[in-house]
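Novice: Structure of the sequence below:
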Amino acid sequence: IIGSIAFFFHHRTLDRMQAHSTVIYLVSLFVVVVAAAAAAFAPATVPSLVFQLHRRPSQQSCRNFASHVEINNINKMSDQDAPNISSSSAKSAIDFLTLTTNLKTTKRTGWIRQGVRQPESVADHMYRMTLMAMISSFSRSQLDTNKCIKLALVHDLAEAKVGDITPHCGVSDGDKYEMELNTMNQISQMLGPSLAGEEILSLWKEYEEGTTEEAKLVKDLDKLEMILQAMEYENEGCHEESLEGFFESTKGKWRTELGFRWAEEIVSRRRLRKKDDGNVTKNYAEGKGGD
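Specialist: Below is the predicted model:
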């Protein structure tokens, strides 16, 4: 079209009027051609784009978006962070978790000594204790529920290496503490600060010292879980010898009102299940004292 306009202007033979008319004609023709092209493409593109913008996202598009965001987040990691996450931290985490497998396979010494068939593991004990820590502290404003849960999770963590040492194992309290402290230091170093190693060690020490309100509660829960399990073994007929000693060992050692009240409830239920009530503590309230 442009070439045609140049051609007509090149020939001087055309008078001014003819040139003017020709230019108008060619410009009009150009406008018509452009409009036709736009009309031809518009139905296939504009409505489609509008539909794409206004339609509800499909599950697939949501997944694609999530993947896109995740990839972008990974790409934003610095070159220094990426190796730490993929190698050092991952190795430490799996090493630690592999160690804790022993908690699942180590049977509680007290039940083995009493001839309990298929006794619980240390992990079994710790799990129910953690649930107890959650519900017992939940509505008590003076207690930090998160800390109670964490204390319950780590209180027997050292047993993954040293085993379940009881007063009947011939190990003094001092030696037991040193063995467990050494293990907890190793675990702390294994995890490092980025994987809560220092916090785990601090929580374990807090539990052992037993001076905070949270530690006092969790120490009571440790005993409560034990006598609750003892009652359940009695009810199931899983033992060969009397489990009365577990109940007697807790008398006068409750540090919290909650611990004492829950113990009363357990002993009361045990009493109802016994045919000979004379063998069960009749007045458990006598053992309410604390440290």
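Novice: And the strands in the protein?
Specialist: For the chain, strands defined by DSSP state E do not occur.
Novice: how about the helices in it?
Specialist: For the chain, helices defined by DSSP state H occupy the ranges 2-10, 16-54, 59-76, 81-83, 89-105, 109-113, 122-137, 145-154, 159-162, 173-191, 197-209, 213-236, 244-248, 257-273.
Novice: The first one - what's its average pLDDT?
Specialist: Here helix 2-10 scores 50 as its mean pLDDT.
Novice: swap in the last one?
Specialist: Taken as a whole, helix 257-273 has an average pLDDT of 95.
Novice: ditto for stretch 172-190
Specialist: So the average pLDDT for stretch 172-190 ends up being 96.
Novice: tell me which residues of that stretch are tucked away?
Specialist: 176, 179-180, 183-184, 187-188 (16 or more other Cβ atoms under 10 Å). To be clear about C-beta, it is placed using only N, CA and C from the backbone, and glycine gets the same treatment.
Novice: would you turn these into a markdown table with distance to residue 140?
Specialist: Shown next, in a markdown table, are those (distance: Cβ to Cβ, whole Å):
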| residue | distance to residue 140 |
| --- | --- |
| 176 | 31 |
| 179 | 34 |
| 180 | 29 |
| 183 | 31 |
| 184 | 28 |
| 187 | 30 |
| 188 | 29 |
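Novice: Go through those and name the one nearest residue 206.
Specialist: Set against residue 206, the nearest of the buried residues of stretch 172-190 by Cβ to Cβ is residue 184 (11.7 Å).
Novice: show me the residues around that closest one that make contact.
Specialist: 157-158, 200-201, 204-205 (Cβ atoms under 8 Å, 6 or more residues apart in numbering).
Novice: what's the closest non-adjacent residue to residue 208?
Specialist: With Cβ to Cβ, 6 or more residues apart in numbering as the criterion, residue 208 has its nearest non-adjacent residue at 7.0 Å, and that residue is residue 177.
Novice: ah, wrong one, I meant residue 105
Specialist: Nearest to residue 105 is residue 121, by Cβ to Cβ, 6+ apart, at 6.4 Å.
Novice: beta partners for that neighbour?
Specialist: residue 107 (DSSP bridges).
Novice: what about it, distance to residue 225?
Specialist: 13 Å (Cβ to Cβ, to the nearest Å).
Novice: what about the two, which has more around it?
Specialist: For residue 121 versus residue 225, neighbours defined as other Cβ atoms under 10 Å are more numerous around residue 225 (22 against 18).
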